[in-house]
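sequence first, predicted model second:
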Amino acid sequence: QKEVEQNSGPLSVPEGAIASLNCTYSDRGSQSFFWYRQYSGKSPELIMSIYSNGDKEDGRFTAQLNKASQYVSLLIRDSQPSDSATYLCAVLNSGAGSYQLTFGKGTKLSVIP
Amino acid sequence: DTGVSQDPRHKITKRGQNVTFRCDPISEHNRLYWYRQTLGQGPEFLTYFQNEAQLEKSRLLSDRFSAERPKGSFSTLEIQRTEQGDSAMYLCASSHPGGGLYNEQFFGPGTRLTVL
């Protein structure tokens, strides 16, 4: 049973601070990792993808991957109230011939003005 | 790209009725996926098409559920004899044929189903 674990939160940070979101996964064969943002009542929106160990930066977002520890994180710098949403971690093991994403339950982020 | 589109956006039905949802993927995306999401949970995979071929089905996809992609373009998901437990957001996603590690999946707006 493939599992993706996230702290459900809510995680509250003041405006301008760094928000740190964490995710662990059980399938050691996982190759690709994604962060989606989901506003209440809306569908998930892809914000970051990462495939190699280390950091990947895109604007205010940095994804970090450590395959040895089976850990992936998302940092949001200079957090804005518009970042308030649920962040979903998703994992893919395409090497097994499967293209299904396995999602965590999401972490709810609240950025306080 | 106009994005993934889904129709209808909302559907209210009575228990026992059949419902059908449609998904139009991003043009030139040959992979299409259906997921289901209930409140407080992440999306759960239902099924996946590459062109017109249905290549994966989850055990969540009971025999009351059927999905098609007849010409490798749009897809339909039908639920027969709906049950209250089918109430959920049904999400469609598509990805580019580049595949491999770059199998980024982009979601449509979803169809919210309420079974009374």
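Okay, I see it.

before we move on, what SS does the residue in chain B that chain A sits nearest to have?
Relative to chain A, the nearest point of chain B is residue B:42 (3.0 Å; CB to the nearest CB). The way it works is simple: take the backbone N, C-alpha and C, and place the C-beta from them, glycine included. For residue B:42, the secondary-structure state derived from DSSP: H, G, I helix; E, B strand; the rest coil is coil.

isn't it right next to residue A:91, touching?
No. Between residue B:42 and residue A:91 there is no contact under CB atoms under 8 Å: 10.6 Å.

returning to that earlier point: wait, what's in contact with the residue of chain B closest to chain A?
A:4, A:88, A:90, A:103-106 (CB atoms under 8 Å, 6 or more residues apart in numbering or on different chains).

now it: closest residue in space that isn't a chain neighbour?
residue A:103 (3.0 Å; CB to CB, 6 or more residues apart in numbering or on different chains).

count the residues that sit near that neighbour.
23 (other CB atoms under 10 Å in any protein chain shown).

I'd say it and residue A:92 touch.
No. Counting by CB under 8 Å, residue A:103 stays clear of residue A:92, with 10.5 Å between them.

any residues in contact with both of residue B:42 and residue A:91?
Joint contacts of residue B:42 and residue A:91 (CB under 8 Å, 6+ apart) are residue A:4.

quick one: the strands in chain B?
Secondary structure of chain B by DSSP state E: the strands cover B:5-7, B:10-13, B:19-24, B:31-37, B:44-50, B:53-57, B:65-68, B:75-79, B:88-95, B:106-107, B:111-115.

out of these, nearest to residue A:54?
With CB to CB as the criterion, residue A:54 lies closest to strand B:88-95 of the strands of chain B, at 23.9 Å.

mind checking pLDDT for the closest residue to residue B:18 other than its chain neighbours?
Closest residue to residue B:18 apart from its sequence neighbours, by CB to CB, 6+ apart: residue B:80 at 4.9 Å. At residue B:80, the model reports a pLDDT of 98.

residue B:80: neighbouring residues, count only.
14.

picking that back up, so how far is residue A:97 from the residue nearest to residue B:42?
Separation of residue A:103 from residue A:97 (CB to CB, to the nearest Å): 19 Å.

just residue B:80 next, same as before
In terms of CB to CB, residue B:80 sits 29 Å off from residue A:97.

does the residue nearest to residue B:18 touch residue B:15 like I think?
No. Between residue B:80 and residue B:15 there is no contact under CB under 8 Å: 12.0 Å.

list the contacts of whichever residue of chain A sits closest to chain B.
With CB to the nearest CB, the shortest gap between chain A and chain B falls at residue A:103, namely 3.0 Å. Taking CB under 8 Å, 6+ apart as the contact definition, residue A:103 lies against A:4, A:36, A:88-90, B:42-44.

partner residues bridging it?
Note on residue A:103: beta-bridge partners residue A:90, judged by DSSP bridges.

so where's chain A uncertain?
A:95-96 (pLDDT under 70).

run through the residues of it sitting next to chain B.
A:4, A:31-32, A:34, A:36, A:42-46, A:49, A:51, A:88, A:90, A:92, A:94, A:98-106 (CB under 8 Å from any CB of the partner chain).
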